[in-house]
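Participant: after the sequence you'll find the predicted model.
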Amino acid sequence: MKLFEKIQKLVNKTPKVEPEIFLSLILDESYIQAASWVLDEGKKPRILGSTSERAISPSWEDRIRMADHAIGKLEEGTGSTKLSKVVFGLGEQFLTKEGDIEKSVRPKLKQLTTILELSPLGFVPLSTGIAHFLRKTEGIPTSVILIGVTQRDFAISIYRVGRLAFSISVEQSQSEGEDIENALKSCTDADVLPSRILLYGSDDVRTGEVKSVLLRHQWTARANFLHYPKIDIYPFEHIIDTVVSAGAGEITHELIEEGPSESSTKEAGEKIEEPLGEKEVPEEEKPEKKEPLVEEPLPIAREEKGRAHVVVVQPETLGFHEPADDEGDTRAVKKEADTEKIEAIENPLEFSREEKKENLLQKEHHLVHEKEIFDDFSQEKRSAIPTFRVRRGFGSVIRTLGRIFYRTPKKLVGIGILLVVVLGGGFWGVTQYLPRATVTLAVLPKTITREDTVVIDPVATVIDTQNKIIPGKKLEKVVSGEKTMAATGKKKIGDPAKGTVTIFNKSEGTAYTLKKGTVLTIGGLQFTLDTDVSVASASTNLSQGQTVFGKAAAPVTAVAVGTEGNIEANKEFTLKEYQSSVLVARNEQPFTGGTSKEVTVVSRTDYDTFVKSLTADLIEKAKAELVQSVTGKDRMIDQTVKTAVKEKQFTEEIDQEAKDLHGSLSVSVSAYTYNEEDVKALLSGVAQQDIPQGYSVNPGRTTVTVGNVTVAKDGTMTAKASLTASAIPTIDSSFVKNTIAGKKLIDVEDELKTIPGVASAEFMFRSAWKKDILPKNPDHISVIVTTVE
């Protein structure tokens, strides 16, 4: 029968119908996500492309612009400009507590659909979509706490066995853990909270921060948890999958309930004499269990009572109206539109009263039991299948083919047989030799860490494994440089004052001889004798009864330059080392010639500053040259860097009058190095015992660090060495090829996961007519191993 049906299909070719492309669009506070998708032959969604856009501002104008840009990308990727039917995914901030769209959001949403020419099919709350998607993928109704994370608040939803039990939105504060704790405590349900928390949001960094806070929170002591909850993050890129799954499930559910049209039934070749459902089927003829002809995807978040989490929105609710079928109905349509106009303005996204009664997705509507839907659908589908009149089964087919064979000319029969052989052989060759596949295995590395104390000896030349000694090498660089800097010293220059004094000797019987340079003082100023001078002793005049002092004139010069030495006449001087009762001096004429001015000179401080500044510059230069001289696997030990000034020269002397100081320096910088491979060789033998069986160390992912260096008096250095190695699973490519050749992907994935360390596998096919079976020839399979970072 199958062969006969294939022949009939070849004879009665029907034009290929392009699948209808749908759009899913997520609108949230700070981002949008969009995806284009189709329903495959099994009525399952297949995503053609997806994209996301970050919001510059939270305005609806920006959201419309981003949505337009995202849809443009999808249309460019799919080559279609017919992306109009859309299922919205809405963040909790756009919804009321009852799950309806906020009144303030409805006009904005209508504006978006009008500008972008979209036909809305419905919307999905993000938390509801995630909960349903978990139920669908995990196969059981989920009990979970979903927390939507934005920059301002948390959207918290509690699901128990697939049902929404509680939802609340709370603003964030400095104590994020307490915010969520208080929100969960506000749940009046006395049951134990689900021990699973999933965070979702567009900002991975922000979501990760909240996860860290929640992991540190004492949940078991402060909330109604049976044990500490498992806290994970729902990937941002998978949120769009939940909305796509929701839209596909709801569309598929509607197709099943509608059943095949009368026209399609007639095209199948059978005439329906009475409507389906009116014809009574005897109880004994009813099959015990009827299965649907098409595997139906799980309706989107449809609960046991028939309630759907996708709220369908008719285009008319956003202001779009289809024209009447004929002019005779124009007046009635206009009257009905006028009647509904007021309701549309007040609730632009609500259904009319009649639509509410018929809408399968309203909360108050009760659907027919799923078994009845599948039974009715099975009968309708069965009646819609094209039927060929083959009355006596397979024997009739054989006789028909025999008549065709005998009535056909033998040449044509031979050509036909040859053609079948050629085509069959070609098909066999194509399936055997053309298909190629590349299998990429992602493996999880294991990190091996080993620490030990090593000795770096500059005298050693080879590695001493027993004493853990590795050779060290000394490097030295000498650099020279010149510098000019401004002099900062100050000094007075000029001429000293000069004059003549008369020295008086008051003592009798003693004459004094004063040497050149003898100091005379007056008011803090000092003067010195320019020549030696002898002063006679004092004598007594008996006739007059008076004592006559001995005296002598002598020239003097001021010790310091400046006008301060120009002493007025008749001033008395004292002589250093002599009492004024013995020797004194007096100038009969004022002193003259004293002048001075302040000039800049080179000071000792200038010398010190010059050496310090130029030394710092030369040390940096020497270090840079020293680092450049370290090549290959050698590593310099920073703690061993030493510097010294070798030579210094100056053009100007100290106290020399000058505006600038010129000079040059030579500085030496030395340090010790070790070879990284020596440390690896020393520690690898010790770390070998930590490598798991079936793993090997990747040399390219092994790092060595040396720190805490201490230098002994003999020059040897002790350091703490650390080796970090990455061990990856050893994959036998030939074994993998022979194991998976000719098998289905679903079986291959399970087998590959049994290999230790394999995290995931990706498959790429080339020239393969089936994408779910690997080539039978192992040589046509390539195996690539990548390491998960």
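Facilitator: Noted; the coordinates are in hand.
Participant: drop to CA atoms for contacts and neighbour counts, all remaining ones
Facilitator: Fine.
Participant: residue ranges with poor pLDDT in the stretch 251-400 of the chain?
Facilitator: Residues of the stretch 251-400 of the chain meeting the criterion pLDDT under 70: 253-400.
Participant: before we move on, which element is residue 738 in?
Facilitator: Using DSSP states H and E, residue 738 maps to helix 733-740.
Participant: elements contacting that helix?
Facilitator: strand 781-787 (3 or more CA pairs under 8 Å, 6 or more residues apart in numbering; DSSP states H and E).
Participant: picking that back up, for the helix holding residue 738, output the C-alpha coordinates as PDB.
Facilitator: What follows is helix 733-740, C-alpha atoms only, in PDB (Å, rounded to 0.1, in the frame of the first residue of the first chain):
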ATOM      1  CA  SER A 733      38.900   9.500  18.000                       C
ATOM      2  CA  SER A 734      39.000   6.100  16.200                       C
ATOM      3  CA  PHE A 735      36.900   4.500  18.900                       C
ATOM      4  CA  VAL A 736      34.400   7.400  18.800                       C
ATOM      5  CA  LYS A 737      34.100   7.200  15.000                       C
ATOM      6  CA  ASN A 738      33.500   3.400  15.000                       C
ATOM      7  CA  THR A 739      31.100   3.700  17.900                       C
ATOM      8  CA  ILE A 740      28.800   6.300  16.400                       C
END
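Participant: report the angle between the axes of the following helix or strand past it and helix 733-740?
Facilitator: Per DSSP H and E, helix 733-740 leads on to helix 745-752 as the next helix or strand towards the C-terminus. With axes from the mean of the first three to the mean of the last three CA atoms, to 10 degrees defining the directions, helix 745-752 sits at 140 degrees from helix 733-740.
Participant: quick check: mean pLDDT across helix 745-752?
Facilitator: On average, the pLDDT along helix 745-752 is 79.
Participant: mind listing what's buried in whichever helix or strand comes after it?
Facilitator: Downstream of helix 745-752, the first helix or strand assigned by DSSP H and E is strand 758-766. Across strand 758-766, burial judged by 16 or more other CA atoms under 10 Å covers 758-759, 761, 763, 765.
Participant: wait, which of those residues is closest to residue 749?
Facilitator: Among these, residue 761 lies closest to residue 749 (CA to CA), at 7.0 Å.
Participant: residue 444 is in contact with the closest one, correct?
Facilitator: No: in this structure residue 761 lies outside contact range of residue 444 using CA atoms under 8 Å: 11.9 Å.
Participant: need the overlap of contacts for the two.
Facilitator: Shared contacts of residue 761 and residue 444, defined by CA atoms under 8 Å, 6 or more residues apart in numbering, are absent.
Participant: for residue 541, which residues make a bridge with it?
Facilitator: Beta bridges link residue 541 to residue 546, judged by DSSP bridges.
Participant: C-alpha coordinates for stretch 512-521, CSV please?
Facilitator: Provided in CSV are the C-alpha atoms of stretch 512-521 (Å, rounded to 0.1, in the frame of the first residue of the first chain):
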residue,chain,number,x,y,z
TYR,A,512,102.0,94.0,72.8
THR,A,513,102.7,92.9,69.2
LEU,A,514,99.6,92.0,67.3
LYS,A,515,99.8,89.7,64.3
LYS,A,516,98.2,90.2,60.9
GLY,A,517,94.7,88.7,60.9
THR,A,518,93.9,89.6,64.5
VAL,A,519,90.2,90.0,64.8
LEU,A,520,88.5,93.2,66.0
THR,A,521,84.7,93.2,66.6
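Participant: and that stretch, average pLDDT?
Facilitator: Computed over stretch 512-521, the mean pLDDT rounds to 92.
Participant: got it, and stretch 447-460?
Facilitator: 85.
Participant: what comes up buried for it?
Facilitator: For stretch 447-460, burial by neighbour count (16+ other CA under 10 Å) applies to 448-451, 453-458.
Participant: equivalent analysis for stretch 506-514, please.
Facilitator: Within stretch 506-514, the residues scored as buried using 16+ other CA under 10 Å are 506-508, 511, 514.
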